[in-house]
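> Need a 3D model of the sequence below.
(2 chains)
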Amino acid sequence: MTQHILLIGATSAVAEAIGRLYAKNGARISLIARRESRLSEVVSDLTSRGAKCHAYVADIRDRPLLTKHLDSIFAEQPLDRVFCCHGVLGNTDLACTDVNQAVEILDINFNSAALILSDICYRLVQIEQPATIVGISSVAGDRGRQSNFYYGAAKAGMSVFLQGLRNRYFSKGIHVLTVKPGFLDTPMTADIPKNALFVSPDFVAKSIVTAIKRGRNEIYVPGVWRIIMVIIKMVPEFLFKRLSL
Amino acid sequence: MKATYTNSPLSWGRVDRHKQKIYTPHWRSDLIPLVDQIPSEETYLPYGLGRSYGDSCLNKPGSLVKLSGINRVRSFDRETGLIVADAGCSLENILAVIVPSGWFLPVSPGTKYVTLGGAIANDVHGKNHHVAGTFGRHVSWIEILRSTGEVLQAGPTQNLELFQATIGGLGLTGIIQTVALQLQPISSPWMRVETIPLRSLDDYFRLADESDELFPYTVSWIDCLATGKDVGKGLLIRGEHAPAGVSPLKAPRQLPRLSLPLDAPSWLLGKYTVGTFNRLYYQMGLRKEGVHFENYDAFFYPLDGVLHWNKMYGRKGFYQLQFTVPLKEADVIGKALSCVAKWGTSSFLVVLKKFGTLPSPGLLSFPSEGYTLTLDFANRGEMTEARIRELMEMALKAGGRVYPAKDALMTPAAFEQGFAVPPDFTKWQDERIASDFWRRVRRNS
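Here you go, the predicted model:
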């Protein structure tokens, strides 16, 4: 039977790139995204590339609607691969003064991701379906910085949550892969000037598929970020707090 | 949508490094609001992957709308071979979808890193021009977004005037947002290729005619440093899609994907290095003499094996000149090659091809029956410009023309000698769209 893939945040550049890699093998792909017009652009693309697509429009914070969608998705065919790719960068300056912005960053990047993944894992265990869960975290979650610590804190939560999930469901045949990209050249970072450390969503997607095949638990993309973050984490806090990073 | 600014070179020749404003939409549904949002005093220009060599893809006083982020396939009929896709799709992207289903691009330029929209705006040609004509001949219809916010469908059977103005129209008639392309069927992703050494230009002229009758794809590489009776020394490469089931015994290695991260230092491109390169290339060609099989990638896109090969020409960038001359003026090719050899200017790949007679629907399409020669020149300032102008002059005098997609130096007079801009084109030009190229060559009118 063909694989059943779920893309959460299906209109994110990384999700779309992942979708293209599976579409050419004729996979069944379920897609969840908020904006219907964009979702339909992705669906017609993946369908043309050979996938069988089902689109579900929902705001990732809309729990009741997501539950309903998950019912339909599981009724279709049990899931083999789940990619949790949604996120917003948010505006840290605004979040410091506007609680709504702070709530939005934390809810979208952490709460909603944790809740939908725990729901999915529960369902997978109920039907004894082995699967791979891929969560997109970020190097921003490895250390809090003044410039993006709401986003970073949410991603730190995401990384720890994925660790816990991996630990809890290892014995049930559910594999969890944490992906920590550095800088991505995507619409999310459209306003940031690009340097040599930026990589394309296609590169991330290929790295993820390779990591799944190799059964990796956590990857940095590109790999050099593992070294960069080790160094950044080694800077003592009394010094770090004086840096304007 | 916010615009960004960049100082990095945005055209393939990398000569122009001025600041440029760019909009980068990622969704088809963003396009109409974007066009609506651009202030009315600002001109804009659709931009794809920046493979045009000169300034036809730049608009420094205004902005660029970079379309390569909108790159989705809308439908693909595997029975009829009609693909409908966003104009921002690269040919690489399209090939990845169609080749596994037994289809291929009807016409392929020398790189797969161009968008469908760019291929239409420049009405690109390939090694099969003598049997297939230009890219524009295979377009079933396009959707064009005008600055008024109106979306018009155009093709051979609807809005024909707009269609003809847009094929080869350098993006000046509107943003091409959707393309329907008729593909050609193939039985195998492999190519059957024959390489024949050329000892002189006479060899070429004799073999070119014979090859065009026997093979759908023909092209020649010429050693630009050969002088005297050796002028025209090179390799003629002719090929066809391999029949089904004929797969080579040994799968050829995929070329390693290299990338030049930095500009090469300018001393690297001296007469001796280029001479060595040319000799090596010739020797490697001789080793492949005869018939062999290769992957379509190696056959159609050999230069794509080195990403950013344009940086090889150093920080000052380079010019490429491609001109065409009528059949009866074939001796211009020999004269031009002799000049280049005499100057010893560095050109890695000099390409010679005979254009066929098939007409293009485009009003400003470049290819016309005759011979077309392509040369690179590292930018060494005024001396380089003077030499290129000298070659241009030769071609124009012979009734030829220069390819706008590669040009950075044509004067308004030179452009007019090659292209008569018909009123039908001016009529369909979008007044909000402008390019540096167009401003340059239309200065007098």
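> Who are the packing partners of the top helix by length along chain A?
Longest helix in chain A, counting residues (DSSP state H): helix A:149-169. Other helices and strands packing on helix A:149-169, by 3 or more C-beta pairs under 8 Å, 6 or more residues apart in numbering or on different chains; DSSP states H and E, are helix A:92-97, helix A:99-106, helix A:112-126, strand A:131-136, strand A:174-181. Where you see a C-beta, it was placed from the backbone N, CA and C, and this is true even at glycine.
> For chain B, find the nearest of those.
helix A:92-97 (15.8 Å; C-beta to the nearest C-beta).
> and the closest one, anywhere near chain B?
No: figure legend: helix A:92-97 not in contact with chain B (C-beta under 8 Å from any C-beta of the partner chain); closest approach 15.8 Å.
> Now that helix: buried residues?
For helix A:92-97, burial by neighbour count (16 or more other C-beta atoms under 10 Å in any protein chain shown) applies to A:92, A:95.
> cool, stretch B:434-445 as well?
By 16+ other C-beta under 10 Å, the buried positions in stretch B:434-445 come out as B:434-438, B:440-441.
> The closest residue to chain A within the stretch 101-250 of chain B: how many residues sit nearby?
Using C-beta to the nearest C-beta, the point where the stretch 101-250 of chain B gets nearest to chain A is B:S101, with a distance of 8.5 Å. Using other C-beta atoms under 10 Å in any protein chain shown, B:S101 has 16 neighbouring residues.
> Please name the nearest non-neighbouring residue to it.
What sits nearest to B:S101 in space, not counting adjacent residues and going by C-beta to C-beta, 6 or more residues apart in numbering or on different chains, is B:R78, at 4.8 Å.
> Return the distance of that neighbour relative to A:R49.
Distance, B:R78 to A:R49, using C-beta to C-beta, to the nearest Å: 11 Å.
> who has more neighbours, those two?
Neighbour count, other C-beta under 10 Å: between B:R78 and A:R49, A:R49 has more, with 25 against 16.
> which residue ranges form the strands in the stretch 301-445 of chain B?
Using DSSP state E, counting those that start in this stretch, the strands of the stretch 301-445 of chain B run over residues B:306-307, B:318-325, B:350-355, B:370-378, B:401-402.
> looking at these, which is closest to chain A?
When these are compared by C-beta to the nearest C-beta, strand B:306-307 sits nearest chain A, at 12.1 Å.
> Neighbouring strands of the closest one in the sheet, and parallel or not?
strand B:258-259 (parallel) (DSSP bridges).
> who in chain A is up against chain B?
Near chain B, when you scan chain A using C-beta under 8 Å from any C-beta, you find A:13, A:24, A:37-38, A:41-42, A:44-45, A:48-49, A:187, A:190-191, A:193, A:196.
> Quick one, which of those residues are buried?
Applying 16+ other C-beta under 10 Å to the residues of chain A next to chain B, the neighbour count classes A:13, A:38, A:41-42, A:44-45, A:48-49, A:187, A:190 as buried.
> quick check, nearest of those to B:Y47?
Relative to B:Y47, the closest of these is A:A190; by C-beta to C-beta it sits at 15.3 Å.
> Alongside chain A, which residues does the stretch 51-200 of chain B contribute?
Counting by C-beta under 8 Å from any C-beta, the stretch 51-200 of chain B comes close to chain A at B:69, B:72-76, B:83, B:85, B:96-97, B:100.
> tally of neighbours for the spatially closest residue to B:R192 that is not a sequence neighbour?
Nearest residue to B:R192 in three dimensions, chain neighbours excluded: B:A242, at 4.7 Å (C-beta to C-beta, 6+ apart). Number of residues near B:A242 (other C-beta under 10 Å) recorded here: 20.
> tell me the contacts of B:A242?
B:187-188, B:190-192, B:293 (C-beta atoms under 8 Å, 6 or more residues apart in numbering or on different chains).
> Can you turn the buried subset of these into a selection I can paste into ChimeraX?
Only the buried members of the contacts of B:A242 enter the following ChimeraX selection, criterion being 16+ other C-beta under 10 Å:
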select /B:188,190,191,192,293
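> Would you format the contacts of B:A242 as CSV with secondary structure and pLDDT included?
Converted to CSV, those look like this (DSSP: H, G, I helix; E, B strand; the rest coil; pLDDT from 0 to 100):
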residue, secondary structure, pLDDT
B:S187, coil, 93
B:S188, coil, 91
B:W190, strand, 92
B:M191, strand, 94
B:R192, strand, 94
B:F293, strand, 89
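> what's near enough to touch residue 34?
Reading this off chain A. A:R34 is in contact with A:11, A:57-60, counting by C-beta under 8 Å, 6+ apart.
> other chain: chain B
Contacts of B:L34 by C-beta under 8 Å, 6+ apart are B:1, B:23, B:25, B:65.
> Isn't the second one up against B:M1?
I take that to be B:Y23. Yes: under the criterion of C-beta atoms under 8 Å, B:Y23 makes contact with B:M1 at 5.9 Å.
> Pick out whichever of those two has more residues nearby.
B:Y23 (23 against 14).
> so the more buried one bridges to which residues?
Going by DSSP bridges, B:Y23 forms beta bridges with B:V65.
> got a pLDDT number for it?
On the pLDDT scale, B:Y23 is placed at 96.
> Tell me how far it lies from B:L307.
Distance from B:Y23 to B:L307, by C-beta to C-beta: 25 Å.
> quick revisit: could you give the average pLDDT over the longest helix of chain A?
pLDDT averaged over helix A:149-169 gives 97.
> Please point out which parts of it sit buried.
A:149-159, A:161-162, A:165-166, A:169.
> can you check stretch B:52-63 too?
Neighbour counts over stretch B:52-63 (16+ other C-beta under 10 Å) mark B:52-60, B:62-63 as buried.
> do the same with stretch A:1-9
A:4-9.
> Okay, and which of the residues you listed map to helices?
Using DSSP H, none of the buried residues of stretch A:1-9 sit in helices.
> Can you name the two of the residues you listed that sit furthest apart?
A:H4 and A:G9 (17.4 Å).
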